[in-house]
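S.K.: I'd like to go over a predicted model; first the sequence, then the structure.
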Amino acid sequence: MTPPAAEIAEAISFDQNLTCQTAIREIRAQILTLPSIRAHRLSNTEFTSREFVLVRVLLANGIEGIGEAAVLGGPRWAEESVESIQAAVERYLAPALIGCPAARPAEVAARMAKAAFRNNSAKGAVETAVLDAFTRTLDVPLATMFGGAQVNKLPVLWALASGDADQEVEEARAKLAAREHRDFKIKLGFASPVEDLRRLQKLRDEVPEMRRLIVDVNQAWSEADCRRYLPALQELKVDLIEQPLPGDDFEGMARVARQTQIPLMVDEAAFSNREISRAGAMGCGSVYSLKLVKSGGLLALSHAARVAEAAGFELYGGCLLEGSIGAAAHLAVFGTLPQLAWGCEHFGPRLHVSEIVRDPLVFEEFHVHVPQGPGLGVELDEDQVRDALRPD
Ligand code: MUC
Ligand code: MG
């Protein structure tokens, strides 16, 4: 039955209203820094406080949305730094978006794609803030944009990354005792493989209750290292090996994947959907780590999940150690996925000594809860934001 003309007219005027109300008025980017509870070491960087960019988008209706742009220890994990993100947002992305309705997310993404090449962390934060403001306007959770959450909590692991074996044993025991985490990711590659194996052996011996054990080599090993040390990882019952080889070595990852029974996870190797498809077709691994900073937006992150599944990967909810805002953004997408076989790693908020939101994410019984309120479901604590602003 055709809807009556009055209903059509009402729907069109609602749409026009929404388009006007959600026109983007202002976009700001602030650099914040929060100290970490301990040093966090990766193969190629190390930090004791985390810098990130808080993006705020103001709509014509006065509603503000927020997003977080993450980096790890400067422009090391990827090419963006907090300084380059602030400049990309203020000088290129913001001017391209002023006046664009948040009610048209595809146009928001298209305008950003035209204004800047890659700059994925910056774009991801701006799009998060736009969608946060838009879904707050509609008074629905941001997950609604992706079909709505199918679960209200997700299994979440904890990363051990101080590099000090005794400290890591204590930390793992404390997480298990608090029933917050029972799955762990151990960062390798900043020490020699032999020293890393010693750390792992100690953890296996002294914390036998650890359940799943993932190691992330962050591209530090060669194929020869893999041939030599993967049998030892297998003996230690490692469940998953993340990105052992350099990101551009697709052939090497495929050879290593064929040589070991431990599944490999593709991380730094694949940012774009083409890279994901190619990595899948070449057999570079069997698990894909989803990350906002790789996809460059939440719409693209949700799309990447489907591309990765179609390419034969199981999914893992990756992070770049985001705090509560970035974690809530990821969870809004992850909670809508039919399958997230390997759970997620959004423990980042707990790595900071303080918070910038009034309602921190809830970690209990080895899960993180997906926030339920409108938009991202987290509210800024402006006093804490002021305290965290990096001095110019
Ligand atoms: C990465 O390479 O996975 C995520 C957790 C962590 O400890 O480091 C990051 C980045
Ligand atoms: Mg990784």
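M.R.: Received it, and whenever you're ready, just let me know what you need. Ligands and ions are numbered 1, 2, ... in the order given.

S.K.: wait, is Thr135 part of a strand?
M.R.: No: counting by DSSP: H, G, I helix; E, B strand; the rest coil, Thr135 is located in no strand; its state is helix.

S.K.: mind checking pLDDT for it?
M.R.: In this model, Thr135 is scored at 98, pLDDT.

S.K.: my read is Asp180 is in a helix, agree?
M.R.: Not quite, residue 180 is Glu, not Asp. No: going by three-state DSSP, the assignment for Glu180 is coil, not a helix.

S.K.: residue ranges with poor pLDDT in the protein?
M.R.: In the predicted model, the chain carries pLDDT under 70 at residues 1-3.

S.K.: is it true that Glu127 touches Leu298?
M.R.: Yes: using C-beta atoms under 8 Å, Glu127 is in contact with Leu298, at 5.9 Å. Quick note: C-beta positions are derived from backbone N, CA and C, even for glycine.

S.K.: between those two, which has more neighbouring residues?
M.R.: Neighbours were counted for Glu127 and for Leu298 using other C-beta atoms under 10 Å; Glu127 has more, 30 against 26.

S.K.: number of nearby residues for His303?
M.R.: For His303, using other C-beta under 10 Å, the count is 16.

S.K.: name the helix or strand for the closest residue in space to Cys100 that isn't next to it in sequence, please.
M.R.: Residue nearest to Cys100 in three dimensions, not counting chain neighbours: Ile24, with 5.3 Å by C-beta to C-beta, 6 or more residues apart in numbering. Per DSSP states H and E, Ile24 falls inside strand 24-41.

S.K.: repeat that for Lys123.
M.R.: In this assignment (DSSP H and E), Lys123 forms part of helix 120-138.

S.K.: now Glu68: which helix or strand?
M.R.: Per DSSP H and E: strand 64-70 holds Glu68.

S.K.: correction: Ile214
M.R.: For Ile214, the host element (DSSP H and E) is strand 213-216.

S.K.: heading C-terminal from that strand, find the next helix or strand.
M.R.: Toward the C-terminus, strand 213-216 is succeeded by helix 223-235 as the next helix or strand (DSSP H and E).

S.K.: sheet partners, orientation included, of whichever helix or strand comes after that next one?
M.R.: Going down the chain from helix 223-235, the next helix or strand is strand 240-242, by DSSP H and E. Strand pairing for strand 240-242, determined by DSSP bridges: strand 213-216 (parallel), strand 264-266 (parallel).

S.K.: show me what counts as buried in the longest one.
M.R.: Put plainly, it is strand 213-216. Across strand 213-216, burial judged by 16 or more other C-beta atoms under 10 Å covers Leu213, Ile214, Val215, Asp216.

S.K.: now do the same contact list for Ala279.
M.R.: Ala279 sits next to Phe250, Met253, Val266, Ala269, Ala270, Gly285, Tyr288, Ala311, Phe313 when contact means C-beta atoms under 8 Å, 6 or more residues apart in numbering.

S.K.: residues near the residue lying closest to the third one once chain neighbours are set aside, how many?
M.R.: Going back to what we said before, that points to Val266. Nearest in space to Val266, with sequence neighbours left out and distances taken as C-beta to C-beta, 6+ apart, is Gly285 at 4.4 Å. Neighbourhood size, Gly285 [other C-beta under 10 Å]: 28.

S.K.: looks like Gly285 contacts Phe250 (just checking).
M.R.: No: if you go by C-beta under 8 Å, Gly285 and Phe250 don't touch, sitting 10.1 Å apart.

S.K.: any idea how far the residue nearest to Val266 lies from ligand 2?
M.R.: 12 Å (C-beta to the ion, to the nearest Å).

S.K.: dihedrals phi and psi, that residue?
M.R.: The phi/psi pair for Gly285 (degrees, to the nearest 10) reads phi 170, psi 180.

S.K.: what are the bridge partners for the one residue in the stretch 151-300 of the chain that gets nearest to ligand 1, then?
M.R.: Using C-beta to the nearest ligand atom, the closest approach of the stretch 151-300 of the chain to ligand 1 is made by Ala159 at 3.8 Å. For Ala159, the beta-bridge partners are Lys185 (DSSP bridges).

S.K.: pretty sure it is touching His346, no?
M.R.: No: using C-beta under 8 Å, Ala159 is not in contact with His346; the gap is 10.9 Å.

S.K.: quick one, which of the two is more surrounded?
M.R.: Counted by other C-beta under 10 Å, Ala159 and His346 do not tie: His346 has more neighbours, with 27 against 22.

S.K.: leaving out chain neighbours, which residue sits closest to that one?
M.R.: Computed as C-beta to C-beta, 6+ apart, the closest residue to His346 that is not its neighbour in sequence is Ala327, at 4.1 Å.

S.K.: next, the angle from the helix or strand hosting the one you found to helix 120-138.
M.R.: According to DSSP H and E, Ala327 maps onto helix 324-334. Between helix 324-334 and helix 120-138, the angle comes out at 80 degrees (axes from the mean of the first three to the mean of the last three C-alpha atoms, to 10 degrees).

S.K.: beyond helix 324-334, next helix or strand please.
M.R.: The helix or strand immediately downstream of helix 324-334 is strand 363-364, counting by DSSP H and E.

S.K.: just checking: what are the partner strands of that following strand?
M.R.: Going by DSSP bridges, the partners of strand 363-364 are strand 367-369 (antiparallel).

S.K.: contact partners of the strand it pairs with?
M.R.: With C-beta under 8 Å, 6+ apart as the contact definition, strand 367-369 has outside contacts at 152-156, 327, 331, 344, 346-347, 361-363.
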